[in-house]
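> here is my input, please return the structure:
(2 chains)
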Amino acid sequence: ETGVTQTPRHLVMGMTNKKSLKCEQHLGHNAMYWYKQSAKKPLELMFVYNFKEQTENNSVPSRFSPECPNSSHLFLHLHTLQPEDSALYLCASSQGVSIQSVTDTQYFGPGTRLTVL
Amino acid sequence: LAKTTQPISMDSYEGQEVNITCSHNNIATNDYITWYQQFPSQGPRFIIQGYKTKVTNEVASLFIPADRKSSTLSLPRVSLSDTAVYYCLGRRTDKLIFGTGTRLQVFP
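Purely as a prediction, here's the structure:
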């Protein structure tokens, strides 16, 4: 248990559906991250939020829309996804005191396994 | 950020010491070496981080020679529960750039 929870753990959706992934951290952190892990590919950073402000968008398609209403919650809104978007979506958080801090350890949640039909 | 190269897979037996070496020939002065562990269907977990020489914690040791072009993660007396993928990352900022990792399989 890392202090970062994600819901749902599994999600199956059609290409025309709209769904949202939720992440919550109980660590008092200020930075939150979304990563994507596809089969046989390295983890890819998608978005970074620091103190509720988006500081990184790693050229992610607009069908993925993040939302960070406060430092403890992070959402990833999904719409009109493609089958190739099927992957494990991981949320992480870190202290975020300094955006560029190399000592800022990231704590990951268990992920949401997304299947797009 | 430093590009890292590590073996795709390794096998070991319970009770043995496992050493996973990572190459990072183009490591920059400001880069740290960070290792994460990932079990199936779980998020990665931070193991250890270092800049040079040796770092040890309750889980592992990290050896980084003076030229910093490689590093070795040492897991003492592995158990079946250490079966996982281990990632070596060159890290300069808060951004983590994962590679394909080393899949460690521990046998009884």
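> pLDDT-wise, which helix or strand of chain B ranks last?
Here the helix or strand of chain B ranked lowest by mean pLDDT, DSSP states H and E is strand B:84-91, holding a mean of 91.
> which residue does chain B bring closest to chain A?
residue B:43 (2.7 Å; C-beta to the nearest C-beta). Backbone N, C-alpha and C define where each C-beta goes, glycine included.
> find the nearest non-adjacent residue to that residue, please.
Computed as C-beta to C-beta, 6 or more residues apart in numbering or on different chains, the closest residue to residue B:43 that is not its neighbour in sequence is residue A:108, at 2.7 Å.
> what's the neighbour count on the one you found?
If you count neighbours by other C-beta atoms under 10 Å in any protein chain shown, residue A:108 ends up with 23.
> would residue A:84 count as being in a helix?
Yes. Looking at residue A:84 with DSSP: H, G, I helix; E, B strand; the rest coil, it is inside a helix.
> distance-wise, check it relative to residue B:73.
Applying C-beta to C-beta, to the nearest Å, the value for residue A:84 to residue B:73 is 33 Å.
> neighbour count: those two, which is higher?
The neighbour comparison of residue A:84 against residue B:73 (other C-beta under 10 Å) goes to residue B:73, with 26 against 8.
> my guess is that one contacts residue B:87, does it?
No. Residue B:73 is beyond contact range of residue B:87, at 9.9 Å (criterion: C-beta atoms under 8 Å).
> who in chain A is up against chain B?
Proximity of chain A to chain B (C-beta under 8 Å from any C-beta of the partner chain) is limited to residues A:2, A:4, A:31, A:42-45, A:48, A:56, A:88, A:90-92, A:94, A:96, A:98-111, A:113.
> buried ones among those residues?
Among those, those scoring as buried are A:2, A:4, A:31, A:43-45, A:48, A:56, A:88, A:90-92, A:94, A:96, A:99, A:102, A:104-111, A:113 (criterion: 16 or more other C-beta atoms under 10 Å in any protein chain shown).
> those in strands, which ones?
For these, membership in strands holds for A:4, A:31, A:44-45, A:48, A:56, A:88, A:90-92, A:94, A:107-108, A:113, with DSSP state E as the criterion.
> tally of neighbours for the residue nearest to residue A:60 when sequence neighbours are not counted?
In this structure, residue A:60 finds its nearest non-sequential neighbour in residue A:46, 4.9 Å apart by C-beta to C-beta, 6+ apart. Counted with other C-beta under 10 Å, residues neighbouring residue A:46 total 20.
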